[in-house]
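> Mind looking at a prediction? Sequence and model below.
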Amino acid sequence: MGEEAAGRVVGRVLGTQSATPLSFWVGLEPGAVVQLDEVVATTREVPGRGEVLIAGVVTNVEARHEGAAYDSDVFLIVQGVLPAAVVESAEVTVTRVEPEVYVPPLPGTVARRAGAQERERALYFDVMERRVPVGLGRDGEPIHVNLEFLDGTRGAHVSISGISGVATKTSFATFLLYSIFNSGALGAEAHNTKALIFSVKGEDLLFLDHANKRLDDTARAAYRKLGLEPGPFGSVHVFAPPRPGDPNGTPHVSARTQDVSPFYWTLAEFCRQELLRFVFADAEDERAQYTMLIGQVAARLARLAEPVGGAVALRSSDDAEPEVCRTYDDLVRFIEETLTDEGTRHGWGAGLMGLGTVNAFLRRLRSSVRALSPIVRGDLASDASIGTGAQVTVVDLHNLPERAQRFVVGVVLRGEFARKESTGSARPLLFVVLDELNKYAPREGGSPIKEILLDVAERGRSLGVILIGAQQTASEVERRIVANCAVRVAGRLDAAEAARGEYGWLPPAARARATIAKPGTMFVGQPEIPVPLAVEFPFPAWATRPAEAEAREPSRPASGPAARSARDPFAGLGDAGDDDEVPPF
């Protein structure tokens, strides 16, 4: 054993515990200390195969009195009356055997803290041709994710779970995007790679292109250790709904004024693109009769609507005079009158349906008027749809009712998915960040949004559409979506949620730790590494709320440090939007 390896010795493989090719226990040398998540390695000579490296991650550490028989013996031992020794041991879960000769390490074999090269091999970093840093491990060294499990080469999609306000799910999602864009793993593709972020919790995600005033030198050093230069996102455009009642379509935001565009759909678009089905985009009873009427009415609107600027002219029957609908309320009223009139309802597909079914459809349609009127317009002739021209596109939904949020998410995702299908190429990639995934793709029931998200999860990999979904409870998300996520991440978890089967990728010790994890600590699982790795990602270098945003010149991010507490860099961060309100900067 070399002098350097001898200096890293932590103990020897125990013989009192069974050692297997998949796990073993190490008795620690007096004075030696190892903690969870450290990488430990040992070797064994195998006849005819030479030296075999057996390396793994510490998943449990125990300390006990050897020689004590009763709990009360601890007092006698401390007083020196009863002889006993303090013994510490660590359980190591094997992550890699090189070469692949699966034999157990022999009891008494020296175990050592892995050096730089052994750590790379133990965690498979040496075979990751394109790797993305996701944070620092417990040993202070970088932890990586293989880009091939993010870009669709061998897998795709990310699932992030954790308690709202504590797990920092949104902060980790934005850090992951920043790392993908700036780590160099994408090479020349990075410039054309896009991200689409739906913001549902306040205006905290509207300042990704502003430097964070709270970033300190410690955080900057962490970024540089990960091979990243700290700074805000370089290309960001924000889309927000118009202010209610504003005839000019002014974006409904208060803190940000630059690079903000309104989004809405004209009545002509609404009819032509058959967007009516997304008005009923919440999880529904698939046996409900009115769901059959939705498609028939939507198809009729697409066939009969004649654009009049942004408005539409419609006929309830072939011989009726055209009626011009200039607002969403007008359109709903037209549909209501047409379906309740005995002379016209047959031509719109409601003739064979009972009056109760038609009324159920109309009740739900009428209840959507308040929610959708600001974003389905007939008074504005020009289209104002959401585009992904900037590298990062933020769609602000926090000022919209939940029903309107569902409508926007469904329509935008359908449009982007169709656009990617039409190109026939998976490049450039589009990363879609969607919080509250359990609301849009719940385990029970069906909806148009759920269908699209299932399509993204199952076919998005081949089209270059990558989902980064965040949710408080993965157990309430459609199973097929979670199952298709190659990378799984968990922050602070509720104890009852952590016991669910969806977290089977977390070993028991990791599940227990997840219930006490502090903000900024995440457990990351990926296919190549058999155990999840605990990582701490650095404090965001971009503003996560208006009060953190440095003033900047148009399209030019400013720079300059500002003091913040080094005691707890994630204090008050949580998920974006879960903090108390702060005044606009």
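Received, thanks.
> Regarding this protein, what is its longest helix?
With secondary structure taken from DSSP state H, the chain has its longest helix at helix 402-423.
> Against which helices or strands is that one packed?
strand 194-199, helix 369-372, strand 430-434, helix 437-440, helix 448-463, strand 465-471 (3 or more CB pairs under 8 Å, 6 or more residues apart in numbering; DSSP states H and E). C-beta: built from backbone N, CA, C; applies to glycine.
> the inter-axis angle of that helix versus strand 465-471?
160 degrees (axes from the mean of the first three to the mean of the last three CA atoms, to 10 degrees).
> Report the mean confidence score over helix 402-423.
What helix 402-423 shows for mean pLDDT is 91.
> List the buried residues for that helix?
Residues of helix 402-423 classed as buried by neighbour count (16 or more other CB atoms under 10 Å): 403-414, 416-417, 420.
> I'd like the helices and strands packed on helix 402-423 laid out as a markdown table, including mean pLDDT, distance to Ala517 and mean neighbour count.
What follows is the helices and strands packed on helix 402-423, written out as a markdown table (pLDDT from 0 to 100; distance: least, CB to CB, whole Å; neighbours: other CB atoms under 10 Å):
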| stretch | mean pLDDT | distance to Ala517 | mean neighbour count |
| --- | --- | --- | --- |
| strand 194-199 | 94 | 24 | 23 |
| helix 369-372 | 92 | 37 | 19 |
| strand 430-434 | 95 | 21 | 24 |
| helix 437-440 | 89 | 20 | 23 |
| helix 448-463 | 90 | 26 | 20 |
| strand 465-471 | 94 | 16 | 26 |
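> Switch the ones you listed over to a markdown table; also include distance to Gly231.
Shown next, in a markdown table, are the helices and strands packed on helix 402-423 (distance: least, CB to CB, whole Å):
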| stretch | distance to Gly231 |
| --- | --- |
| strand 194-199 | 16 |
| helix 369-372 | 38 |
| strand 430-434 | 19 |
| helix 437-440 | 29 |
| helix 448-463 | 29 |
| strand 465-471 | 21 |
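> Of all those, which one is nearest Val127?
For Val127, the closest of the helices and strands packed on helix 402-423 is helix 448-463, at 20.9 Å, according to CB to CB.
> my guess is Arg8 meets Arg112, correct?
Yes - at 4.3 Å, Arg8 counts as touching Arg112 under the criterion of CB atoms under 8 Å.
> Those two - which one has more neighbours?
Ranked by neighbour count (other CB atoms under 10 Å), Arg8 and Arg112 place Arg112 first, with 22 against 18.
> need the next SSE after the longest strand anywhere in the chain, C-terminal direction.
The strand spanning the most residues in the chain, taking DSSP state E as the definition, is strand 50-66. Scanning forward in sequence from strand 50-66 by DSSP states H and E, the next helix or strand is helix 73-79.
> So which bits of that following helix are buried?
Buried residues in helix 73-79, counting neighbours by 16+ other CB under 10 Å, are found at Ile77.
> Show me what the helix or strand just after that helix packs onto, helices and strands only.
Per DSSP H and E, helix 73-79 leads on to strand 85-98 as the next helix or strand towards the C-terminus. Where contact means 3+ CB pairs under 8 Å, 6+ apart, strand 85-98 is packed against strand 9-13, strand 23-28, strand 39-46, strand 50-66, helix 116-122, strand 529-536.
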